[in-house]
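> with the input below, show me the fold.
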Amino acid sequence: MLRLAICDCKQENRFQLSALLESKLKPFDCEIESFCCTEELLRYISADYSPDIAVLGIASDSDRAISLAEKLNALVPVCRIIFVSDELRFATEVYRADHVWFLLRSELEERIVPALRKALASLESRRSSGIVIRSRGKVTVVPLEEVLYLERDGRHTIIRTEKESYTSSEPPSRLLKNALARSFIHSHRSYWVNKAKIESLEHDDFVLSSGELVPISRSRRAAARDDYINISAK
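Here you go, the predicted model:
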């Protein structure tokens with residue numbers, strides 16, 4: 001699910017943005033939350049909420065919105081930020097924070113789609129380069145090149161790297177999406193192995209660069225071996 005956060009001190013602006021985003025994002029499974037101030041959004045983040053895209057309204061005091069963006073950059077680095085302002089004079093100030101677009105409110109109808117496209121493309125690029133783990137309002141991106149395999153253990157997914165392990169409540173099917181999924185072999189009901197970390201195939205196991213063995217189940221043996229042969233042939 002795509003999560004969008006709107007933060008604007010004016011209620012009419014929040015209503016306008018929410019309606020516009022809903023109309024432009026109909027093809028997506030998305031959830032839009034509106035916040036009246038910086039403090040409210042930050043409270044939600046501390047209570048295990050992490051948006052994928054944040055649309056931040058800039059009022060006469062630009063510092064609050066830009067400071068919020070800086071905090072989002074630190075707390076939820078994967079979040080893509082779009083600024084919306086009534087005044088063009090704030091266009092240079094927003095570069096204090098990482099963002100994908102600055103919009104004038106008068107041009108919302110014409111410009112919101114390109115801004116959303118850029119935000120979504122940037123999100124996809126970030127996600128394809130690593131596994132995004134959300135926990136208690138914080139987001140961690142584990143680079144793909146560090147991941148050995150994923151193991152589903154009960155209601156949790158363990159992401160194993162050579163140095164440490166991470167835990168997520170999300171299933172591998174949600175952690176490994178689109179381009180990222182193509183980098184893994186689903187070798188067993190509970191295991192997804194990073195193709196780049198496979199050293200060899202021995203009996204019913206993949207041998208990884210770390211020396212660990214990842215099992216291959218009988219039902220997935222043929223498909224897993226075909227994937228391995230295709231890797232070796234490249």
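> break the chain down into its structural domains.
Taking automatic domain parsing as the reference, the chain has its domains at 2-128, 133-233.
> quick check: mean pLDDT across the shortest one?
Same thing as domain 133-233. What domain 133-233 shows for mean pLDDT is 89.
> any idea what Phe184 is bridged to?
When bridges are called by DSSP bridges, Phe184 pairs up with Asn194.
> list the residues that contact it.
149-150, 176, 192-195 (Cβ atoms under 8 Å, 6 or more residues apart in numbering). Yep, even glycine has a C-beta here, placed from its N, CA and C like the rest.
> repeat for Glu162
Applying Cβ under 8 Å, 6+ apart to Glu162 gives the contacts 146, 148, 209-210.
> one more: Val55?
Val55 neighbours (Cβ under 8 Å, 6+ apart): 4-8, 17, 21, 81-82, 84.
> Glu109 too?
By Cβ under 8 Å, 6+ apart, the residues touching Glu109 are Leu20.
> now do the longest helix anywhere in the chain, average pLDDT.
The longest helix of the chain (DSSP state H) is helix 108-128. Throughout helix 108-128, pLDDT has a mean value of 88.
> pull the number of nearby residues for Ile58.
25 (other Cβ atoms under 10 Å).
> re the thing from before, restricted to helices, list the contacts of Val55.
Among the contacts of Val55, the members that lie in helices (by DSSP H) are 17, 21.
> what about the residue in the chain sticking out farthest from the centre, distance to Glu170?
In terms of distance from the mean C-alpha position of the chain, His203 ranks first, at 36.2 Å (Cα atoms, centre = their mean). Plainly put, His203 is 31 Å away from Glu170 if you go by Cβ to Cβ, to the nearest Å.
> and if you look at Ser62?
Between Ser62 and Glu170 the distance is 36 Å, computed by Cβ to Cβ.
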